[in-house]
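> Any chance you could fold what I've pasted below:
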Amino acid sequence: MNILVVDDVEAMRESLGAALSADDHEVSFAKDGNEALERLLSETFDAVVTDLWMPGLDGLGLIKNS
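Below you'll find the model as predicted:
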């Protein structure tokens, strides 16, 4: 499964990525909602794990705009 992890806190991205990779998932990262939206428009993911509270485009805005 190809998963996009979106979080403005680097430690959270790394932690989630490590856990998902350990279960043999392919993991990509975005540091905020705007970067995630750009990636979602140009790439295909099976799932997105996103923080809800981020500066700029937050997780709910990302869901609404994707």
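> host element of V49?
Using DSSP states H and E, V49 sits within strand 47-50.
> again, but for L40
helix 33-42.
> Give the buried residues for that helix.
G33, N34, E35, A36, L37, R39, L40 (16 or more other CB atoms under 10 Å). For the C-beta atoms, the positions are set from N, CA and C on the backbone; glycine is no exception.
> Can you classify the closest residue to L60 other than its chain neighbours by secondary structure?
Distances taken as CB to CB, 6 or more residues apart in numbering put L52 closest to L60, at 6.2 Å, once the chain neighbours are dropped. Going by DSSP: H, G, I helix; E, B strand; the rest coil, the secondary structure assigned to L52 is coil.
> OK, contacts around L52?
D58, G59, L60 (CB atoms under 8 Å, 6 or more residues apart in numbering).
> quick one: buried residues of the helix ranked longest in the chain?
Longest among the helix segments of the chain by residue count, using DSSP state H, is helix 10-22. The neighbour-count check on helix 10-22 (16+ other CB under 10 Å) flags R13, L16, G17, L20 as buried.
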